[in-house]
Structure formats: C-alpha cells, structure tokens
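Trainee: just coords:
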C-alpha cells in the first residue's frame with residue numbers, strides 16, 4: 001500500500017509530495033500532470049522488475065511510447081534536469097514468494113524506498129543517452145512513528161494487523177567512496193557482510209535482483225511494487241473467451257476475465273475464496289451487476305468442452321442469454337471491476353484513469369461505489385476477505401468529483417514555480433480540501449481553494465455568439481440544451497445547494 005510519494009525532476013513533477021489513502025481521486029483538467037503521477041508510480045513498479053532502460057522505454061511520453069529517454073526528465077525550455085528523484089513510503093505484506101518459490105518473511109512492514117536516477121550522454125546509443133543509478137536506499141520506518149506516518153483515518157485494529165517487526169539498520173544504502181557512489185545491500189535473511197556495487201555500473205536497481213534467502217524484506221518490497229498496476233480495461237480483451245488451460249488472474253487490460261470468474265466459482269480453495277459455493281459466487285456478481293443494469297438476472301461462465309473455451313455470459317429477465325461479445329463497453333468494465341472486488345488474490349495498488357469512460361452519467365455513482373468497495377476497509381483487520389488493496393483514480397468529470405468523499409479528493413493544477421537559476425515554469429501541484437485529513441497532515445501547506453471546485457459544480461460557459469448552422473457569423477448560436485430556461489433553473493437549484501463551496 002503506497003501511503004506517500006515524493007517525485008522531482010520527472011516530467012512536470014517538481015517537488016511533488018502526495019499522500020494517499022486507501023481510495024484517492026485526482027481531479028483536474030487535461031495536461032496538468034494527473035497522468036504523469038500515474039507514470040511515476042508505474043515507472044517505479046517497472047524498475048522493481050526490469051533494467052533502467054527497459055523500464056524507461058515502457059513509460060508513456062508526450063508522443064506515446066518513449067523514443068528518447070530524456071523526455072522523462074523535467075524540462076524548462078531546452079534545458080533538462082540532470083536527475084530525477086523518487087521517495088515512496090509504503091506498507092508491505094508480511095510474507096511473499098520469490099522467483100524460485102522460496103518464502104520470505106518481512107523484518108518490518110513499514111518502509112521508505114528512495115531512488116535517484118541521472119542521465120548519461122552516449123552518442124553510441126540510439127537514444128543518444130542512457131540512465132544511470134545515482135542513489136538507492138531502503139529504510140525501515142519505526143512502528144512508533146506509524147500514527148504520524150499513516151495520516152488517513154484508520155482503526156488501531158487495522159494498523160496492528162498490517163504493521164509488525166523491527167529494524168535498526170537500512171536494507172539498501174548508498175555511500176560515497178573515493179568520489180563514487182557505492183550501493184550496499186544488507187543480507188537480513190542470512191549472516192554476512194553487505195554486498196557492495198558501484199552505482200554507475202548497475203544496469204538496474206538492486207531491489208530488482210533480491211531473493212528471499214538473502215534479503216527477504218527487500219524481496220517483499222519488490223513484490224509490492226511489482227503489484228502496482230495501471231488498470232486499462234480494453235473492451236476487445238474483455239470480450240475474448242479463455243481456453244481451459246488459461247491460468248486465473250485478470251490482466252491489466254481485462255484479459256482472462258472468464259477464467260478468473262470460473263476459477264473463483266469452481267475452485268474456491270485455489271483462489272483463496274471463502275464460502276466458495278459456485279452459485280454463491282455467481283450470485284454475488286449478479287447482484288452487484290444489477291446495480292448497474294436492472295434487467296440482469298444471472299451471470300456465469302459457459303464451459304464448451306468441444307472447443308475447450310470458457311465464455312462469459314449474461315442472462316436478462318426475459319430469459320435471453322448474451323455472450324461477452326454482445327455486451328456494451330461500460331457493462332464489461334463494471335463486470336471486470338466486480339470480479340476484481342471478489343478476488344482475494346487481487347491485491348496491491350490499482351491505478352485507473354477516467355473510470356467514467358463509456359459509462360452513462362446516471363451509472364457513474366454505481367462504479368464509484370464499486371471502486372471504493374474494492375479497497376481495503378481500514379476499520380477492520382486485514383484478512384482473506386479484506387485484502388490490503390488500494391485504488392487511485394484520476395478524472396476531469398464533474399459527476400465523479402461530486403460523488404467521491406471530500407477527504408479522498410486531490411485537485412491537480414499547474415502552479416508557477418521558480419528554480420534555483422531564477423527560471424520560471426509551471427509544475428503540477430496536488431491540493432486537498434480544507435478540513436480533511438491531508439490538511440491536518442501538512443498544516444503549513446496551503447490547501448486548494450474551495451472556489452476552484454466551481455468548475456466541477458457549474459456548467460461550462462461558452463460564447464453566446466458564434467457560427468450558426470447556416471455558417472453565417474455574428475448571429476446567435478443555435479440553442480443548446482443548456483440554454484433552455486427549464487434546464488437553467490434546474491442547474492441553479494442544484495448548484496446553489498453547496499453554498500459553502502465558494503471563495
């Protein structure tokens with residue numbers, strides 16, 4: 001569970017400092033940095049599993065896939081920052097399994113991971129340069145400091161269920177030796193001297209190489225970061241059937257949804273599902289989906305022994321059965337999130353951009369409720385039916401902003417900043433509302449003004465004059481729905497309710 005992230009020098013994130021709760025909604029207009037924050041999280045997750053260069057090549061750039069890794073660095077005019085820094089505070093699971101099937105137990109479950117990456121010019125490379133590791137550190141956070149580190153509201157029972165262990169020295173540290181940075185990996189699983197590596201020669205982070213035998217805690221941190229995923233549910237992937245041999249577990253694009261639901265229903269012990277009666281699982285999914293579509297009476301998976309295929313099916317009130325190929329994009333996304341909710345093996349951090357896409361406005365409250373139900377309930381201990389799971393979404397939809405709890409909302413905006421050389425630029429800033437837990441966490445930082453929410457509470461104003469249907473200039477624009485007197489009266493009635501939201 002990612003509780004805090006500091007990023008600087010990555011795209012338009014400069015001295016960004018964001019605290020997360022179990023559920024976080026980041027709202028803001030296009031091109032202010034919402035997706036860049038998601039990219040920073042994804043980049044850290046990729047670095048826990050791959051080389052620096054491969055991870056960078058998979059991160060979104062302004063034009064899509066990154067062609068020049070220099071585009072990941074913050075830029076003012078033609079001048080790029082020399083380095084980018086990351087600092088992530090997180091709660092990790094108590095146990096995990098490494099690549100060789102060995103079990104690891106954490107020495108402590110509250111940690112802070114720090115990483116600094118620089119750019120090294122190299123004309124021999126197609127990208128004209130490469131990334132170099134400058135600093136990597138993994139420290140424990142004393143459990144006595146947990147109440148001040150974990151600022152979001154939670155119960156003592158929940159905190160006791162996720163925090164354990166003790167530690168007095170770092171798991172990974174960086175020291176200067178003869179003017180060169182040396183990264184040291186402590187072996188907390190066995191007795192032995194720390195392993196030292198020259199940072200400039202490392203093609204990847206040390207965290208991405210650890211195993212359960214020598215470095216169990218670092219291995220669990222690695223597993224936690226590998227579980228950070230950007231959920232991008234693609235209708236084409238959601239509509240595909242699965243073969244009998246498909247392993248359960250829905251991918252980030254929604255692939256293997258039929259196999260995952262089938263295993264949840266038929267093999268509850270394998271999936272860690274309690275009370276795993278087949279009809280009970282399908283009934284839970286059906287009841288949840290009925291909140292989204294009234295006519296649904298049954299959800300199931302058809303098992304075709306001839307073609308050896310598993311196909312998702314829905315049945316309406318009139319008895320008509322449809323396969324996934326006939327379902328709308330919004331229905332498929334809601335169904336995928338429902339299966340994610342009941343799958344106890346689906347843990348970790350889930351980032352989702354604009355969950356309202358493809359959803360009718362009247363159905364958006366149902367999907368926001370579902371996303372909040374997916375996350376870990378921090379009033380109760382973490383158990384099989386309450387996994388340590390977290391959701392971060394971003395949006396520019398007024399409907400979504402009006403539905404999320406006020407203490408889960410972050411408002412993204414561009415604020416003018418001055419660097420050490422006096423250059424002015426705009427960087428992403430993530431503000432919170434007054435009288436919420438984040439304000440109490442950082443009382444010296446100014447929260448976002450209430451008046452800034454007016455963009456999400458009032459209709460967008462457009463010019464009264466423009467081009468008419470006939471193409472003539474200067475005449476009154478053809479009347480829109482929002483121009484109707486009855487609609488204007490309704491909007492006034494709705495937007496005048498939250499009278500306290502103003503400057």
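Mentor: Arrived safely, thanks for sending. Please read all numbers here as calculations on a predicted model, not as lab measurements.
Trainee: The lowest-mean-pLDDT helix or strand in the chain: what's the following helix or strand?
Mentor: Least confident helix or strand, the chain: strand 64-65 with a mean of 46, by mean pLDDT, DSSP states H and E. Where DSSP states H and E defines the elements, the next helix or strand beyond strand 64-65 is strand 75-76.
Trainee: For that next one, which outside residues touch it?
Mentor: For strand 75-76, the external contacting residues (Cβ atoms under 8 Å, 6 or more residues apart in numbering) are 81, 419, 423, 425. The way it works is simple: take the backbone N, C-alpha and C, and place the C-beta from them, glycine included.
Trainee: which of these has the most neighbours?
Mentor: In terms of neighbour count, residue 81 stands highest of the contacts of strand 75-76 at 19 neighbours, by other Cβ atoms under 10 Å.
Trainee: Pull the contacting residues for that one.
Mentor: By Cβ under 8 Å, 6+ apart, the residues touching residue 81 are 9, 73-75.
Trainee: Just the buried residues of those residues.
Mentor: Burial by neighbour count, 16 or more other Cβ atoms under 10 Å: within the contacts of residue 81 this picks out 9, 73-74.
Trainee: quick check, nearest of the residues you listed to residue 305?
Mentor: Taking Cβ to Cβ as the measure, residue 305 sits nearest to residue 73 out of those, at 54.9 Å.
Trainee: is the closest one in a bridge, and if so with what?
Mentor: The bridge-partner assignment for residue 73, based on DSSP bridges, gives residue 10.
Trainee: ditto for residue 386
Mentor: Counting by DSSP bridges, residue 386 is bridged to residue 383.
Trainee: What number of residues are in the vicinity of the nearest residue to residue 231 once chain neighbours are set aside?
Mentor: Leaving aside its sequence neighbours, residue 231 sits nearest to residue 352 (Cβ to Cβ, 6 or more residues apart in numbering; 4.5 Å). Residue 352 is flanked by 22 other residues according to other Cβ under 10 Å.
Trainee: Would you map the strands across the stretch 301-450 of the chain?
Mentor: For the stretch 301-450 of the chain, the strands defined by DSSP state E, counting those that start in this stretch occupy 309-316, 321-323, 348-353, 389-395, 409-418, 424-432.
Trainee: mind putting these in JSON lines, distance to residue 228 and mean pLDDT included?
Mentor: Compiled in JSON lines, those are given as follows (distance: least, Cβ to Cβ, whole Å; pLDDT from 0 to 100):
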{"stretch": "strand 309-316", "distance to residue 228": "27", "mean pLDDT": "94"}
{"stretch": "strand 321-323", "distance to residue 228": "33", "mean pLDDT": "92"}
{"stretch": "strand 348-353", "distance to residue 228": "4", "mean pLDDT": "95"}
{"stretch": "strand 389-395", "distance to residue 228": "9", "mean pLDDT": "96"}
{"stretch": "strand 409-418", "distance to residue 228": "18", "mean pLDDT": "90"}
{"stretch": "strand 424-432", "distance to residue 228": "18", "mean pLDDT": "91"}
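Trainee: So which of those strands is the most surrounded?
Mentor: For those, the largest average neighbour count (mean count of other Cβ atoms under 10 Å) is found in strand 389-395, namely a mean of 25.
Trainee: quick one: that strand to strand 409-418, angle?
Mentor: Angle of strand 389-395 versus strand 409-418, following axes from the mean of the first three to the mean of the last three Cα atoms, to 10 degrees, is 60 degrees.
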